[in-house]
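Asker: model this:
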Amino acid sequence: MALWRAYQRALAAHPWKVQVLTAGSLMGLGDIISQQLVERRGLQEHQRGRTLTMMSLGCGFVGPVVGGWYKVLDRFIPGTTKVDALKKMMLDQGGFAPCFLGCFLPLVGALNGLSAKDNWAKLQRDYPDALITNYYVGRCPMCCCYLELLPVLEGTSALSWPHSIVSTLQ
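Answerer: Okay, the predicted model is just below:
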């Protein structure tokens, strides 16, 4: 708990720096987890350059872009109610996420040395799956923050979720 309070104090004092460093750290940690637990490379086969690339991408692109977007979103939709959070999530997932992924995926391809032609082909192949996965993952924090929604959503089809969420929030 003390570590969390220290993080919150640092975030309040230096929001931009902390957001950028957090994004880089999380992306580096995510790559380590991917290489070690998913790909099972082991320490000898760990691609350190890939981890550094992901950390750099987090610090140089993801942190600043996402941090800036959240500032814009907070100005565009001020407030902290459940309805405000739902509006922010809908705008984020419906407007920002498709654009962000359209920039992020080619940037990763370029950093991995893909030619423009190969990068375009990879974007066309991977973009739909990445966006759909983002929608599954992007909705999860909303449900975790508002645990009272889970009983409402349990046993319902995905098509009825928007109606169930809105009626619960009202």
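
Asker: do you know the pLDDT at V108?
Answerer: pLDDT, V108: 92.

Asker: ok, the one 10 residues further on next?
Answerer: If you check D118, the pLDDT there is 97.

Asker: that one reaches G109, doesn't it?
Answerer: Yes: here D118 reaches G109: they are 7.3 Å apart, a contact under Cβ atoms under 8 Å. (C-beta placed from N, C-alpha, C; glycine too.)

Asker: looking at the two, which is more packed in?
Answerer: Counting neighbours by other Cβ atoms under 10 Å for D118 and for G109 shows that G109 has the greater number, 19 against 12.

Asker: which residues are in contact with the closest residue to G102 other than its chain neighbours?
Answerer: For G102, ignoring the flanking residues on the chain, the nearest one in space by Cβ to Cβ, 6 or more residues apart in numbering is Y127 at 6.9 Å. Under the criterion of Cβ atoms under 8 Å, 6 or more residues apart in numbering, the contact list for Y127 reads L101, G102, L105.

Asker: how close does Y127 get to L111?
Answerer: With distances taken as Cβ to Cβ, to the nearest Å, Y127 is found 17 Å from L111.

Asker: try D126
Answerer: Relative to L111, D126 is positioned 15 Å away (Cβ to Cβ).

Asker: what do you get for F104?
Answerer: As it turns out, when the distance is counted by Cβ to Cβ, F104 lies 11 Å from L111.

Asker: comparing the two, which residue is more hemmed in?
Answerer: Each of F104 and L111 has its neighbours counted (other Cβ under 10 Å); F104 has more, 17 against 14.

Asker: the more buried one sits in which helix or strand?
Answerer: Assessed by DSSP states H and E, F104 sits inside helix 97-111.

Asker: so what touches that helix?
Answerer: When contacts are taken as Cβ under 8 Å, 6+ apart, the neighbours of helix 97-111 outside the stretch itself are 53, 57, 61-62, 65-66, 69, 118-120, 122-123, 126-127, 130-131, 134-135, 138.

Asker: go through that helix and flag the buried ones.
Answerer: The neighbour-count criterion (16 or more other Cβ atoms under 10 Å) identifies A97, F100, L101, F104, L105, P106, V108, G109 as the buried residues of helix 97-111.

Asker: and if you look at stretch 18-36?
Answerer: Neighbour-count burial for stretch 18-36, with 16+ other Cβ under 10 Å as criterion, is recorded at V18, Q19, V20, L21, T22, A23, G24, M27, G28, D31, I32, Q35.
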